[in-house]
Each structure stands twice: as structure tokens, then as C-alpha cells.
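# this one's structure only:
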């Protein structure tokens, strides 16, 4: 006895751009169940592979988004690889003075200790982000929400992402304080070679994190607004992976600034 | 206007390139006329001053390199053709894709704005070497003009990375069923490799641009020493930098860049030669491997631009070896093109215009490429560096080859994009005048370069000392080069006339006029902007380039049954 009540040939004619769960009004948003009940789970001869490309289940869009993010972050990390290479080159470079002595004028910049605190906060923000991300893929709750039984997944993820937003904000504020502390000690961007790098690295990283905060805000909006469960999952997943990579990158940059000078 | 369809984006990129190539070509005309007749006054402007000549050189290089041969083959045709060729209806991330195109357009506007600011366009060359690029004291265009240049190229890097991410994700995730990596047309492999190169190359250039900006405005010294004299003024920097560092960073971008420009042409030429020769590409798998290998070696050879810049001689040897190694995959490609074309089968339309342009590409690649191993040797480069020998080399192997690749793409895909075929007879005239014009323009530059003609010199006559006699010897050839360049430019009018004439003709009655086997020619492959079920789904059943023994029949990738397709009806518009 087939469990599908809608004949597939009628069903297929419908436009399903919003994702795999149909475009009926309010589907997957705690209102009414989606009209397209084919799950791609091979029941009734149904199979994601029979769907047109781009509609072969939630995995497809999710993995496309991840691949795109992977390449974009690859480019982004190359930017920092370039900066770090230049850091090492400049650290070793010098000039010959009038007496043919090789002079290396590199003087390390003392790193404000608040950066340790900031690093801890950033790690915590990554933990909360990861909890939000994993919650988006909790099978049972996701099904509940998909069927319209409340919004357990989105509410939970919103709460954890809000924590991430808060910690991320604290991190950026902490970086600002670090810059102010250095400023009070008359260490500016142009003070020395090592201060160039301190500011260059922390500012470009902060800019990336600022974008990350924007993405978190975007994800929070989508969690509230978007009707498609898949869109919510993809956006939270991408935002959190971006956040993690920026966190790990910061760990590396922090170790470099703290111990590598 | 802000349509996100990949076709709109592709045409947008092509429009950017058309503007850039028009301005860039006019600038090269100014250069040639000034070199040959230094007293010639530019209409509405007056005599060309030396610094203005340098600005023209800089803008010509920047426009052509960044906005023509990089944008058009990868982003332009990548967007127009790539989705259909891998059996999907759209690119991945349409919004990001559109954003990339508009960022690129903004980059072009910012660059062209440099002409209009006080001091004019930058004069430091398209490579923007410090210290000339890092102080306003270095010359008239090095103030706001140089800042605009930096901003424009930074935008270009961002836009280029966006486009590359979209391309990579599309190829990795959106291939249709049956389109395995081995069945991918070589054009797709080329776009893939070019995009793989773009991501790291553009990112590193962006970092270098940021640092140069700091050197200019924040007194840092990444690329300049702490005390630097320029035009009698001492400039203080906090740092012990060296211009060599900029060279490293710039060429780490700059060398992959030339492969980003020429790889799509190589891929297309492989497919076009195979299609008109009605044979499978000779050593198809090897062609895939050499495409990737050229990409890989391309990021390991940047030091060969720096042999005479104070590089450690041992490093020079390493870069020399890796540069010479590129000759291997390049030669393998040339041999495959020749071997594929050698056994051409079939009778009809074997030498159609796209095929002519593809063979022209091969010819330029050989004529320019053979001097590559010469320049890759430090000891020879010591003499040839910064002479016109280098200009001849890269204008033939990269610029002219890339341009012929672009024309090949236009003539080949024109029926697909516009439903009309460009006139064959006008196309032939266009091809032969372009080919001969380009050879007549650039081959003599090898000779003047060997004769000692330096790059970036605004004037070859009226110089004091023995150099004057040396350069005076090149003047007859200079005149010849200039006349040839004018012929080469005028020949392009034929192309635009061809487009104009074709627009009035009736549309083609048949699909697939070249009897091609790749998926973009499948009926209805170019329709629709998204995957939905109103369009038939694509499936790739076999490798591309499967042809019958007689060369007439062919087995397209989309055909489910294994019976040969035939094309017995002559095209209506072919009656000329």
C-alpha cells in the first residue's frame, strides 16, 4: 500500500525551488506539514537520484555550500600565509651600515596580556557555535520542526548563536582594548617593523571576524525568517565553519605573535 | 540590470573585456606612433611626454592583462558555456557570481578613473615595482593615480576570487549524471585549473597590495629601506624592507596569472581541433594531466622574472630548472594538437573559421613558446631582460595566443549563443589578417630586442652616447612594426562588421552546426536558468569527441543509444 497520496507525476510538476520540503506556504516553519512527502528514502520507488539536479535532497545544497566555503577559505588562508611569510622575511632582514656591519633592527612588540583572555573567549564562542551547528542536524528534533511541531531546532540554535555573537563581540572589544593599551604605550602601526605586523595581523583578522559576526547575525535572521529548514541548516553550517576556521587561524596567529617574534 | 542568470553575468564580463580591450588597443596605438615618430602630436592633446608614455604603457598592460585575457576566457566564457558543458542549468551561488561581476566592473571603472585624476594615470608599469610605486615623488601619476590602481587591482583580486570559487564549486558539485572527471571536456579541465590557480594567486597579490598601500601611506617599510632618497627628498620608513620582496609576491601571482589567461584557450583549442579533425583528442588523459601539470609548475616558477633583480644565483638555478620543465607539458600539448590535426577525417568544413583560429593559437604558442626556454636561462636573460625580446615572447605566447583563443571561442560558440553563424568568408579574412598582422608586429620585436631595444623607453631617438647609434639601427624596423600594428588593429574592424552583418541574417535552422559532441550543443542545453523539470535532464553517456570512421557521423555525449548521428542537411546560411 503506497504511503504517498499525491500521484508523483502531479507532484513533480510543482516548483520546488525552496528546498526539498516543498514550497507550500509555511512549510517547515511550525505551521503545516509540507505537501511533498517524498523523502528520497527509496520508499515507493522514490529515489533522490530520480530528482533533477539541485533537488536531490538536503545533502546536495549543503555540500555545495561547504565546497564553496572550502575554496573561499583556501584563498583567504593564502592571504594570511602571505602575511606570515612576509613577517618572517622582514624579521630576518636588515642592512649594512657604514662599517659593513649587518644590522638587524627587529625589536619584538610586547603583546598585551589581554590577548590571552581574548583567545579564551574566542575559543568559547567556537564551542557555542559548534553546539548550535550540531543541533541543526539533530535528526529527531529536525524532523519535528520539519513536520511543524514547534521550532525546537531553530530556537536552540538561535540561543547558542546569540552566545557566539556575544563572545565574538567581546573578543573584538578585547582586541580594541589591546590596541588602546598599545596606543597608550605609544606603540602605533608605524612604530617598528614588529608593530606593523602586530597591527596588520590583528586588524585583518578582526576584519574577518567582523564579517563572521555579520554572518552570525545573518544566520540568526534566517533562523527566524526563512521557511526552508534546509536554508537554515546551510547558513548556520557555513557560518559556524567560517567561525571555526577564523578561530583556529587566530590561535596560530596569536602563537606567532606571542612566541614567534 | 542586476539579473543573476549566469548568461547575463557572462555577457557582463565580456562587456568589461570589450571596453578594456578597446581602450588598451588604442593605448598601444599611441605607444607605437610615439616610438616611431616621437614628435607626433596626439590629436586633442599635443606631444606625448615621456611620463605620459609610461602611463600609457602601464595602463595598456594593466587593462590587457587583468581585464581582457583574464576576465574574458575564464569568467566570460566560463559563465556562458561551462554550465551547459557539464550538463547543469546554472552556476553555483548565483548571487555571489553576480556580485563578482559587478565588483569586476567597479574595478575597471576605478582603473579608468586614474586617467582623470590630477597627475594622471600611474607610470610604474603593470608590475608596479617599488620604490617607484611607493611614493608620490616618483612621478606625476604615482599619487592618486597609483592609489586608484591599487584599489582597482584589489577589487579585481576580490572579484576574481569570487568568480574562481563559483567556477570551482560548479565543476565539483554540479556536473550532471554520467559526467565523470574523465569525461569532462578539456575546456572544463582548463577552467578548473585556471580557477585553482586564481584562488591562491589573487589572495597573495591582495596581501601584497595591502602592504604596498601601508608603505605608501603609513610609513611602513615592507618593500623599501628605512631611509630612501627620491628626487632629492629623504623619505623615512620604519622597516628594512626590500623591493625584492614585492617582486616575489607580485610574481607569485604574476606567473600563475599568465596560465590563468592561456589555459582556457588551450582547452578550447584541443576540443575545437578534435571536432574539426573529426578525431578524438590524441592522448586525452595526457592532455588532462598536462593541464594540471602546467598549473602546478606555473606556481613554482615565479623567480624567472627576477634573475637580474638581485636574486640569489642558486635560487635562479632552481627557478631556471622548474621553468624549463614547463616546456615538457607544453610540448606534449603541442604534439597532441598536431597529432590530432594530422589525421583529419571528413570533408565538410574542415577548415572552418574556428578551426583556423585554433590552429593560429597553436602557431603563436609555438612561435612565442620556443623563446621561453631561452629566457628561462639566467645567463641569457641577463642580456635579454627588459628588452623587446621579452615583449615579443609574451605577446606571442600569451597575449596573441589568448586573443586567438578568444576569437576561436567567439566563432565556435556564436551559433550556440545567438542562433546565427558568423560569415565564413569575412571570418577567413579576419583570421589571415590577424595572424599575419600579429606576426608582422611581434616577430620583428625579437630582432629589435636582440639589437638592444629596451622596454619602457619613451623615445629611441635623440639619446646621447653610443646607445643612440644602436637604437637608431632599429628605426626602420620600428616603422615596420607600427604599420603592421595598424594593419592588425584595422583587421579587427572586419570582425565587428561580421557581427553587424550576421545580425541581419536569418537564424540557423539546425542545432549544432559544427556537429560537436559536447553537452552544450545538446538540443535545449542552453535554455533555462535553473534546474527544474520543464527542461529535459542531462546525462553524459560517454567521452567527448567520438566520431565515426568516415568523419561524418558522430556520437554526442548526450546520446543514449550508440548509433552514429549524422548531419546530412547542409546549413541554409552556409551558401556563400
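Received it, and whenever you're ready, just let me know what you need. None of these values were measured; they are calculated from a predicted model.

# going forward, measure contacts between C-alpha atoms and count neighbours the same way
OK.

# pull the residues that contact stretch B:38-47.
Applying CA atoms under 8 Å, 6 or more residues apart in numbering or on different chains, the contact partners of stretch B:38-47 are B:30, B:33-34, B:48, B:459, B:461.

# out of these, which comes closest to residue B:493?
Minimum distance to residue B:493 across the contacts of stretch B:38-47 is 18.1 Å, recorded for residue B:30 (CA to CA).

# in helices, which of the contacts of stretch B:38-47 fall?
B:30, B:33-34 (DSSP state H).

# circling back: and the contacts of stretch B:38-47, which are buried?
Neighbour counting with 16 or more other CA atoms under 10 Å in any protein chain shown marks B:30, B:33-34, B:48, B:459, B:461 as buried within the contacts of stretch B:38-47.

# dump the residues you listed to JSON lines, plus distance to residue B:529 and pLDDT.
Shown next, in JSON lines, are the buried ones among the contacts of stretch B:38-47 (distance: CA to CA, whole Å; pLDDT from 0 to 100):
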{"residue": "B:30", "distance to residue B:529": "43", "pLDDT": "96"}
{"residue": "B:33", "distance to residue B:529": "47", "pLDDT": "95"}
{"residue": "B:34", "distance to residue B:529": "49", "pLDDT": "94"}
{"residue": "B:48", "distance to residue B:529": "49", "pLDDT": "92"}
{"residue": "B:459", "distance to residue B:529": "53", "pLDDT": "88"}
{"residue": "B:461", "distance to residue B:529": "58", "pLDDT": "82"}
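
# let's have those in TSV, adding distance to residue B:392.
As requested, these are exported to TSV (distance: CA to CA, whole Å):
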residue	distance to residue B:392
B:30	18
B:33	18
B:34	18
B:48	24
B:459	18
B:461	21
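
# chain A next: which of those residues are close?
Here nothing survives when the buried ones among the contacts of stretch B:38-47 are matched to chain A using CA under 8 Å from any CA of the partner chain.

# closest to residue B:510 out of the residues you listed?
Nearest to residue B:510 among those: residue B:30, at 44.9 Å, using CA to CA.

# return the residues in contact with the closest one.
Neighbouring residues of residue B:30 by CA under 8 Å, 6+ apart: B:42, B:56.

# measure it to chain A for me?
Distance, residue B:30 to chain A, by CA to the nearest CA, to the nearest Å: 37 Å.

# same question, residue B:501
Taken as CA to the nearest CA, the span from residue B:501 to chain A is 39 Å.

# please, which helix or strand holds that residue?
In this assignment (DSSP states H and E), residue B:501 forms part of helix B:475-503.

# next secondary structure after that helix?
Scanning forward in sequence from helix B:475-503 by DSSP H and E, the next helix or strand is strand B:546-547.

# check the offset of that following strand from the chain's centre.
Here the centre of strand B:546-547 is set off from its chain's centre by 30 Å, with CA atoms, centre = their mean, to the nearest Å.

# please apply the same query to stretch B:323-334.
Stretch B:323-334 sits 19 Å away from the centroid of its parent chain (CA atoms, centre = their mean).

# kindly report the same for stretch B:243-260.
16 Å.

# avg pLDDT for that stretch?
Averaged over stretch B:243-260, pLDDT sits at 95.

# and the contacts of it?
For stretch B:243-260, the surrounding residues in contact (CA under 8 Å, 6+ apart) are A:82, A:86, B:70, B:74, B:127, B:129-131, B:193-195, B:197-198, B:200-202, B:204-205, B:208, B:222-224, B:294-295, B:298-299, B:301-303, B:305-306, B:309-311, B:398.

# OK, contacts around the residue nearest to the spatial centre of chain B?
For chain B, residue B:69 is the residue whose C-alpha lies nearest the centre (CA atoms, centre = their mean; 2.5 Å). Residue B:69 makes contact with B:261-262, B:399, B:402-403, according to CA under 8 Å, 6+ apart.

# burial of residue B:229, as a residue count?
Neighbourhood size, residue B:229 [other CA atoms under 10 Å in any protein chain shown]: 12.

# helix, strand or coil for it?
Look at residue B:229: counting by DSSP: H, G, I helix; E, B strand; the rest coil, its state is strand.

# mind listing what it touches?
Contacts for residue B:229 (CA under 8 Å, 6+ apart) come out as residue B:235.

# restricted to buried residues, select the contacts of stretch B:243-260 in ChimeraX.
To isolate the buried members of the contacts of stretch B:243-260 in ChimeraX, using 16+ other CA under 10 Å:
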select /A:82,86 /B:70,74,129,130,131,193,194,195,197,198,200,201,202,204,205,208,222,223,224,294,295,298,299,301,302,303,305,306,398
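
# residues from the stretch 151-300 of chain B in reach of chain A?
Residues of the stretch 151-300 of chain B lying close to chain A (CA under 8 Å from any CA) are B:161-162, B:165-166, B:168-169, B:172-174, B:176, B:199-200, B:202-204, B:206-208, B:218-222, B:238-241, B:245, B:249.

# what about 7 Å?
Along the stretch 151-300 of chain B, the residues adjacent to chain A under the rule CA under 7 Å from any CA of the partner chain are B:165-166, B:169, B:173, B:199-200, B:203-204, B:207, B:218-220, B:238-241.

# among these, which two are most distant?
Using CA to CA, the two most remote members of those are B:173 and B:238, lying 47.8 Å apart.

# what number of residues lie near residue A:225?
11.

# same check on residue B:270?
Residue B:270: 29 neighbours (other CA under 10 Å).

# figure out the helix or strand that it lives in.
Using DSSP H and E, the element containing residue B:270 is helix B:243-277.

# list, one by one, the residues from the stretch 151-261 of chain A near chain B.
Residues of the stretch 151-261 of chain A lying close to chain B (CA under 7 Å from any CA) are A:190-193, A:196.

# residue at max distance from the center of chain A?
Ranking residues of chain A by C-alpha distance from their mean position (CA atoms, centre = their mean) puts residue A:99 at the top, at 53.4 Å.

# okay, the ones in helices among the contacts of stretch B:38-47 in JSON lines with distance to residue B:494 next?
Converted to JSON lines, those look like this (distance: CA to CA, whole Å):
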{"residue": "B:30", "distance to residue B:494": "21"}
{"residue": "B:33", "distance to residue B:494": "22"}
{"residue": "B:34", "distance to residue B:494": "26"}
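
# is residue A:230 in a helix, a strand, or coil?
Three-state assignment for residue A:230 (three-state DSSP): helix.

# tell me, how many residues neighbour it?
Counted with other CA under 10 Å, residue A:230 comes out at 22.

# so it touches residue A:60, yeah?
No: using CA atoms under 7 Å, residue A:230 is not in contact with residue A:60, being 10.3 Å away.

# that older thread, just the closest of the contacts of residue B:69 to chain A, please.
Closest to chain A out of the contacts of residue B:69 is residue B:261 (18.7 Å), distances taken as CA to the nearest CA.

# need the contact list for the closest one.
Neighbouring residues of residue B:261 by CA atoms under 7 Å, 6 or more residues apart in numbering or on different chains: B:69-70, B:73, B:402.

# any idea how far residue B:64 is from it?
As judged by CA to CA, to the nearest Å, residue B:261 and residue B:64 stand 10 Å apart.

# quick one: mean pLDDT over the next helix or strand after the helix holding residue B:270.
Using DSSP H and E, the helix or strand that follows helix B:243-277 in sequence is helix B:284-298. Mean pLDDT, computed over helix B:284-298, is 96.

# chain A contacts on chain B?
So chain B meets chain A at B:165-166, B:169, B:173, B:199-200, B:203-204, B:207, B:218-220, B:238-241, B:531-533, B:537 (CA under 7 Å from any CA).

# tell me where the model's unsure across chain B.
Applying pLDDT under 70 to chain B flags residues B:1-2, B:346-349, B:530-536, B:567-576.
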